[in-house]
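S.K.: Sequence and predicted model, in that order:
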Amino acid sequence: MRQKINIPHQEIIPAILQELPGWYRQQAGDRELPWRTSPTPYHTWLSEIMLQQTRATAVIPYYERFLEALPTIEALAHVDDEWLMKLWQGLGYYSRARNLKKAAIIITEDYDGKLPDDFSALLKLPGIGRYTASAIGSIAFGQPWPAVDGNVLRVLSRALASSADIALPAVKTAMEQALAPHYPGGKTASDLNQAFMDLGATICLPNSAPHCVRCPLEKICLAHAEGLELELPLKSSPRQRRLEKHTILLLKQGNAIALHQRPSKGLLAGLWEFPNLPGKLSTRDVKTWLQEHGLLAKKLQALPAAKHVFSHVEWQLSGWLVELVPASGLSAAEDKLPFNWVTPEELAERYSLPSAFQYYFPYIYRKK
């Protein structure tokens with residue numbers, strides 16, 4: 001049986017929607033973002049995908065570099081996969097980039113290279129959910145579609161004094177349904193959705209006190225009136241992350257460093273990595289592994305521990321810099337190990353390594 005969600009005080013939603021577009025236009029110059037200066041469908045789509053799980057200030061250089069390399073949807077559809085991953089390197093959640101290319105191919109083949117302005121058609125494209133479809137529709141096409149994300153849920157929960165758990169998908173659906181009958185079209189739809197984004201990013205903050213005196217909804221907000229700003233929204237805790245230990249091996253022979261390509265499915269699918277083994281390996285463990293694979297080390301150096309957090313798993317990393325005896329690594333790897341041996345320059349220019357492995361980059365480039 002589907003859970004019924006009660007969103008209280010919906011009668012003030014029209015007043016909320018009336019206040020925000022004007023406020024957004026007044027303050028938009030204080031938060032200049034490159035995708036807002038030319039909100040074409042492609043630019044809007046690309047920025048919305050990049051902004052998932054990533055702060056706007058961090059996205060800007062990636063967005064500009066990506067567009068310089070791939071200025072059109074057709075260029076994205078035909079990009080080499082390795083170059084695509086290199087352009088995305090550092091943003092994380094690499095499936096976003098793969099879905100961008102998959103969608104670009106469909107758009108090129110089925111829509112003459114132009115993003116559709118139909119909600120159902122947008123939802124059928126890889127990587128586009130209801131929020132992204134609504135954001136594209138309102139910003140690029142002036143469609144009256146509310147784009148409900150964490151910012152909107154937080155702002156509305158406080159403004160309406162709603163105690164519904166915003167971690168529940170049903171609450172997100174209920175909020176969207178509450179907004180939809182009152183949403184305008186045209187430029188106002190774009191301004192309204194971006195107003196929610198800016199309000200949540202700069203004033204109605206998560207995990208800290210909101211700046212109510214600067215908020216355009218201060219006189220409307222029921223949480224503010226009742227002193228509930230720090231208690232709302234309610235959000236149940238996510239499941240605890242799984243802990244995994246990995247030992248990273250920086251295998252060097254002369255100026256060459258070993259890389260391994262991850263499997264085509266699963267976490268960080270298809271990306272390059274430094275060879276790594278499960279668990280925290282001792283000096284003896286590393287020497288044993290090297291011997292088993294026909295590799296001979298002339299120097300072993302323990303590297304500092306590091307930690308990398310994904311959405312559902314945390315990697316606890318230890319590392320070893322292994323300088324191999326000349327001719328042992330390359331010849332052995334050709335027969336026994338699925339490695340690519342690359343120079344530091346090739347690594348920087350051509351290969352995409354996830355952020356989890358970049359803690360150990362300095363030890364590749366460090367002078368002896």
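M.R.: In hand now; what should we look at?

S.K.: Where does pLDDT dip in the protein?
M.R.: For the chain, the stretches with pLDDT under 70 are 1-3, 327-337, 366-368.

S.K.: nearest residue to the residue sitting nearest the centre point of it other than its sequence neighbours?
M.R.: The chain has Gln53 as the residue nearest its centroid, 4.0 Å off, counting by C-alpha atoms, centre = their mean. Counting by C-beta to C-beta, 6 or more residues apart in numbering, Tyr93 is the residue found nearest to Gln53 once chain neighbours are left out, at 5.7 Å. To be clear about C-beta, it is placed using only N, CA and C from the backbone, and glycine gets the same treatment.

S.K.: Going by residue numbers, what spans are strands in the chain?
M.R.: 242-253, 256-261, 272-273, 276-278, 297-309, 313-324, 339-342 (DSSP state E).

S.K.: got the buried residues for the fifth one?
M.R.: Neighbour counts over strand 297-309 (16 or more other C-beta atoms under 10 Å) mark Ala297, Leu303, Ala306, His308 as buried.

S.K.: Pull the residues that contact that strand.
M.R.: Strand 297-309 has contacts (C-beta atoms under 8 Å, 6 or more residues apart in numbering) with 241, 248, 250, 283, 286-287, 290, 314-325, 355-356, 359-360, 363.

S.K.: Let me see the contact set for Leu122.
M.R.: If you count contacts by C-beta under 8 Å, 6+ apart, then Leu122 has Leu115, Pro116, Ile128, Thr132, Ala133, Ile136, Gly137 around it.

S.K.: again, but for His224
M.R.: For His224, the contact set (C-beta under 8 Å, 6+ apart) comprises Arg158, Cys212, Cys215, Leu217, Glu218.

S.K.: on that earlier part again, buried subset of the contacts of strand 297-309?
M.R.: 248, 250, 286-287, 290, 315, 317-324, 356, 359-360, 363.

S.K.: What number of neighbouring residues does Gly270 come out with?
M.R.: Neighbours of Gly270 under the rule other C-beta atoms under 10 Å: 17.

S.K.: how about it, what does it touch?
M.R.: Here Gly270 is in contact with Asp81, Met85, Gln261, Arg262, Pro263, Ser264 (C-beta under 8 Å, 6+ apart).

S.K.: Filter those residues down to the buried ones, ChimeraX style.
M.R.: The following ChimeraX line selects those of these that are buried, judged by 16+ other C-beta under 10 Å:
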select :85
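
S.K.: Closest one of the contacts of Gly270 to Glu68?
M.R.: Nearest to Glu68 out of the contacts of Gly270 is Met85 (C-beta to C-beta; 16.7 Å).

S.K.: How about the closest one, nearest residue that isn't a chain neighbour?
M.R.: Ser352 (3.6 Å).

S.K.: So which residues of the stretch 1-150 of the chain form helices?
M.R.: 13-27, 34-37, 41-50, 56-69, 73-77, 81-88, 95-110, 119-123, 130-141, 150-159 (DSSP state H, counting those that start in this stretch).

S.K.: What separation is there between the closest residue to Leu91 other than its chain neighbours and Pro34?
M.R.: Leaving aside its sequence neighbours, Leu91 sits nearest to Tyr62 (C-beta to C-beta, 6+ apart; 5.5 Å). In this structure, Tyr62 lies at 11 Å from Pro34, with C-beta to C-beta, to the nearest Å as the measure.

S.K.: How about Gln143?
M.R.: For Gln143 relative to Pro34 (C-beta to C-beta), the value is 23 Å.

S.K.: neighbour count winner among the two?
M.R.: Gln143 (20 against 15).

S.K.: isn't the more buried one right up against Asp117?
M.R.: Yes. With contact defined as C-beta atoms under 8 Å, Gln143 counts as touching Asp117 (6.8 Å).

S.K.: list the residues that contact both of those two?
M.R.: Gly137.

S.K.: Could you give the number of residues near the residue nearest to Gln53?
M.R.: Residues contacting Tyr93 under the criterion other C-beta under 10 Å number 17.

S.K.: cool, and the one 4 residues further on?
M.R.: A count of neighbours around Ala97, defined by other C-beta under 10 Å, yields 23.
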